[in-house]
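Enquirer: Just the structure for this:
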Amino acid sequence: MDRRNFLKITGIGGITMAVLPSTITGSLYADDGRLFEVYEKVQLINADGEALKASSLKKEVNYVFNYPFVGTPAILLDLGVVTHQKVKLFSEDGEEYIWKGGVGTQRSIVAYSAICSHQLAHPTPEDSFLQYLQRGKTTMACEQKGGLIICSSHLSAFNPLKGCEKVAGPAEQPLASIIIEVAEDDTLWASAVLGADKFHEYFKRYKLEMKKFYGGKRKAKKLVKEHVVTVTLNEYTKEIIQY
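Expert: Residues are numbered from 1 along each chain as shown. Here you go, the predicted structure:
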């Protein structure tokens, strides 16, 4: 799949998808309202325009989709194991919030903003310094063997089983969580962001990148609506950099 075409497809209308909010089960995995922002409810689809199913996700594989804005990448994972539940987290300003855990039949599906909370490293069509490292693999960021999201730009490490709390490196807060819901028909939907995000700083810092990949900052800041294409990180970027 041509990566430039993927970026053009993401968040743009033209594919007819049935939106059935009544089929969404369970409650939002959020706290009491602090550090929680509701955005457009968006269905995740594959590169062929078909609904992405929770049961089709490969275990411990990085999937990338852009949400809540056209220019903000996020990572979707089926970790293959049950996540922790009701994890207490803190923003860099000390504000507390609760991450209630993964979704799906095994409560193993999670999604996080792929913008590092330290210096905003993120996946682009050219390269990616931030991605999930499978269990058992080693990293320079810490002694733990895999099972972490690693930012190889400055070696921050985050635990996706615990709401992406920081476990190593200079980052001062978790990655923001993308709220994912699994409908009764096994389809996947993104609906909100939990935690302190870095979207404002990200758009301000990467103006040239927004122009190169999205046609400008204004287009990159448009909200994704209805559906969003979701592909593996290998399809999204040319080079994955992992230390």
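
Enquirer: Under the pLDDT cut-off, which ranges of the protein? List them.
Expert: For the chain, applying pLDDT under 70 flags the ranges 1-34.

Enquirer: which stretches of it form helices?
Expert: With helices called from DSSP state H, the chain shows them at 3-9, 199-205, 207-214, 217-220, 233-236.

Enquirer: Need the contact partners of the longest one.
Expert: Counting by CB atoms under 8 Å, 6 or more residues apart in numbering, the neighbours of helix 207-214 from elsewhere in the structure are 7, 70-71, 124-125, 203, 216-217, 219-220. Every residue, glycine included, has its C-beta placed from N, CA and C.

Enquirer: Please indicate which of those residues are buried?
Expert: Neighbour counting by 16 or more other CB atoms under 10 Å classes 7, 70-71, 124-125, 203, 217, 219-220 among those as buried.

Enquirer: Can you pull out the residues in contact with stretch 121-130?
Expert: Outside stretch 121-130, the residues that touch it by CB under 8 Å, 6+ apart are 3-4, 6-7, 64, 73, 75, 114-116, 131, 149-154, 202, 209, 213, 233, 236-241.

Enquirer: Sorry, wrong one. I was asking about stretch 152-159.
Expert: Outside stretch 152-159, the residues that reach it (CB under 8 Å, 6+ apart) are 112, 116-119, 121, 129-130, 139-142, 144, 147-151, 164-171, 174-175, 241-243.

Enquirer: Report how many residues lie close to Leu133.
Expert: Neighbours of Leu133 under the rule other CB atoms under 10 Å: 22.

Enquirer: ok, it - contacts?
Expert: Counting by CB under 8 Å, 6+ apart, the residues that Leu133 touches are 139, 146-150, 242.

Enquirer: just the buried members of those residues?
Expert: Using 16+ other CB under 10 Å, the buried ones in those are 139, 147-150.

Enquirer: Relative to Glu96, which of these is nearest.
Expert: When these are compared for distance to Glu96 (CB to CB), Ile149 wins out at 21.4 Å.

Enquirer: What residues does Ile75 make contact with?
Expert: Taking CB under 8 Å, 6+ apart as the contact definition, Ile75 lies against 62-64, 111-114, 123, 130-132, 149, 233.

Enquirer: how far does stretch 179-196 stretch from start to finish?
Expert: Length of stretch 179-196, first residue to last, CA to CA, to the nearest Å: 13 Å.

Enquirer: if I pick the residue lying closest to Ala196 once chain neighbours are set aside, what's in contact with it?
Expert: In this structure, Ala196 finds its nearest non-sequential neighbour in Ser91, 3.8 Å apart by CB to CB, 6 or more residues apart in numbering. Contact criterion CB under 8 Å, 6+ apart gives 35, 97, 173, 195-196 as the residues in contact with Ser91.

Enquirer: of all these, which comes closest to Glu50?
Expert: Once CB to CB is applied, the member of these that ends up nearest Glu50 is Gly195, at 30.3 Å.

Enquirer: How about Leu133: which residues does it bridge to?
Expert: When bridges are assigned using DSSP bridges, the partners listed for Leu133 are Leu148.
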